[in-house]
Each structure stands twice: as structure tokens, then as C-alpha cells.
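1. need a 3D model of the following:
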Amino acid sequence: MIENQEEQQPEQQVKEQIINERIYVGEINKLAVYRKSEPGIYLISEDREEVLLPNAYVTNEMELGSFLDVFIYTDSEDRLVATTLDPYLYVNEYAYLEIVDTAAFGAFVDIGLPKDILVPKNKQRTIFHKGHSKVLKMILDEKTDRLIATEKWTLDSNIKGLEERDEVEILVYSKTPLGYKVIVNDLYDGMIFHTEIFENVYFGDRKRAYIKKIRDDNKLDISLQEIGKKVKDDKVYELLVQNGGKMDFTYKSDAEDIKKVFGVSKKAFKATLTKLLNDDKIVLESNCIRVKS
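-> Here you go, the predicted structure:
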């Protein structure tokens, strides 16, 4: 722990050119260790603004003049404070957050920091219950500059820099009769159709996925499987071996059972069986498949 005493860091030792130009709330900032104090150490940005890193996060390696990556938020008295903890999301990002408390003026959600974040009543679309979770966006309140969360978010309709087959990150936020609605790269609206899903999907899931189509309405059709990538024969074969060389599946097996066990569509499964039969790797019986001895 760095000693609890006031000590000014010589200005020439702070290499300002590699630290943040200024402090940004709700983001990771690279700042310089500037001076020691009773409650912790003060970090500084290029424009000379200071922020406290409390003693709870200070280590012996944090020498004067060294550089730290810290997340910046405000404490209960609206003062800037730094932490080495990494929250579940940064400003203007989305996450599936647990509601830890409710009040007449709003609700509080856990973002992975000691201080929970308020979802003001006027930022809620639905009823908030303690213990439930919702997909929310973290933003800076325009009036107070505090970090808050909102359920009233709108996704960008102007898709830039993406092409079909590109790999993206998605967050599942809603279910419809057609499939699951997802947020793509924390920016755009997307849909995974039920016919494209061969694994378990839940609200709040964050997954890697692929753009199947960029639609005329500036929404994205998403696939959880790499576009154009065929099912690997060895996946089915490996599962057969792991299950003693025999499994109760055939061409006529139920599509949902196939998806649950093998993670592929019935069409892809049947094509794989045919390939394995042609390669003389398996034997197809009336009620099962088995590895050929």
C-alpha cells in the first residue's frame, strides 16, 4: 500500500503525452499516478484534472509517475472516483443487468461496482421487480453527468462498416414469433430466426455471431453459425465415440432432439450421416447409429 501522506509529484515526471487528454466518465481511462493522500492516490489526466483512486484499489506497484487503466464513475456525493474493477458495461453500451432495489423514483441495478446504478422512473418502459434482470443501456445523465441506466433506448438505423458474413457480437434482448431480437455490436438491430437456431438461447446472452443479410430496412439477419460453413462430420462421430459407439438416432429422429444433442439442423444431420456412411465410418440400424468396428 502506498503511504498515506500528501506528496506532490514533480510535473516533469508525468509523461502526459501517453495519458488521456481529459477524464471521461463511464469509460476506461489511462491516467498517471500524481500524488499520495490519506484516502488513496490521485491520478491525473493531460488537462491536469485529478481523480481519487481509493486505498481499496491501491497496490505497491502503483508508484508515482506510473500509469494506470481505471474506470471512472461518480460516488454518492457526485465526486469523480476511479476503480481498477471492470464493470459489466461502459457508457453507451448494453448489458443484461440485475435489479437489486426499487424505489418510488426508480430502480437500482448491479453493474459490477460497489455503487449500483439508478434507472430513473422516466427511463423505464416496463415494471421493475427486485431480483429480475433487464437489458439496459448505460448513459450519462444530461443534467447531472451521473451514470444512469435506461430501458428507453433506440438502436442506430444507419449501418456502417459491416458486410454480409462479418463476425459480430450480439446481445439477445427479446423474443418474437419469428425468433430472437438482438443488439449487434452495441449499435444495430438484428434478428436470429428460429430456423437458424440450433443451440439454447436466453435473454441476456452475449454471443459471437455472423451477418447473414443486411436488409433494406437497415436491420440485420443474424446467424449463430459461420455463413457457408458446413457441419463437421467429426462432431457427430466424436459424440458417437464418447457415448460408447452407439446412439439412438436415425434419419427419422426428431429435429428438436437432433438440435439439442448435436447442435445442428435435421437437414445438416442427415447430410452428415450420409457422409459418414459413405466413408464407411458408421453403421445405420433401424433404431440407432453406431461406430463401425
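2. ranges for the helices of the protein?
-> Secondary structure of the chain (DSSP state H): helices at 233-242, 255-262, 266-278.
3. quick check: which of those is nearest to residue 184?
-> Closest to residue 184 of the helices of the chain is helix 255-262 (Cβ to Cβ; 23.4 Å). Where C-beta positions appear, they are placed from N, C-alpha and C, glycine not excepted.
4. still on that earlier bit, looking at the helices of the chain, spot the one closest to residue 177.
-> So among the helices of the chain, helix 255-262 is nearest, using Cβ to Cβ, at 17.3 Å.
5. to residue 192, which of the helices of the chain lies closest?
-> Between residue 192 and these, the tightest spacing by Cβ to Cβ is seen for helix 255-262, at 13.7 Å.
6. just checking, what packs against that closest one?
-> Packing contacts for helix 255-262, counted by 3 or more Cβ pairs under 8 Å, 6 or more residues apart in numbering; DSSP states H and E, involve helix 233-242, helix 266-278.
7. so, low pLDDT: which residues of the stretch 101-250 of the chain?
-> Low-confidence segments of the stretch 101-250 of the chain, defined by pLDDT under 70: 228-234.
8. I'd like the distance between the closest residue in space to residue 66 that isn't next to it in sequence and residue 235.
-> Once flanking residues are discounted, residue 66 sits nearest to residue 33: 5.0 Å by Cβ to Cβ, 6 or more residues apart in numbering. From residue 33 across to residue 235, the span is 51 Å (Cβ to Cβ, to the nearest Å).
9. what residues are up against residue 167?
-> Residues in contact with residue 167 (Cβ atoms under 8 Å, 6 or more residues apart in numbering) are 208-210, 226.
10. from those, which is closest to residue 137?
-> Of the contacts of residue 167, the one sitting nearest to residue 137 (Cβ to Cβ) turns out to be residue 209, at 19.7 Å.
11. residue contacts, the closest one?
-> 167-170, 182, 184, 190, 192, 222-224.
12. run the last query once more with 7 Å
-> Taking Cβ atoms under 7 Å, 6 or more residues apart in numbering, we find residue 209 in contact with 168, 170, 222-224.
13. out of the residues you listed, which are inside strands?
-> Those of those mapping onto strands are 168, 170, 222-223, per DSSP state E.
14. how near is the residue lying closest to residue 269 once chain neighbours are set aside to residue 210?
-> Nearest non-adjacent residue to residue 269, counting by Cβ to Cβ, 6+ apart: residue 258, 4.8 Å away. Here residue 258 is placed at a distance of 21 Å from residue 210 (Cβ to Cβ).
15. reformat the helices and strands packed on helix 255-262 as JSON lines; add mean neighbour count and distance to residue 250.
-> Listed next are the helices and strands packed on helix 255-262 as JSON lines, based on neighbours: other Cβ atoms under 10 Å; distance: least, Cβ to Cβ, whole Å:
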{"stretch": "helix 233-242", "mean neighbour count": "15", "distance to residue 250": "13"}
{"stretch": "helix 266-278", "mean neighbour count": "16", "distance to residue 250": "8"}
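16. would you turn those helices into JSON lines with distance to residue 149?
-> What follows is the helices and strands packed on helix 255-262, written out as JSON lines (distance: least, Cβ to Cβ, whole Å):
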{"stretch": "helix 233-242", "distance to residue 149": "40"}
{"stretch": "helix 266-278", "distance to residue 149": "40"}
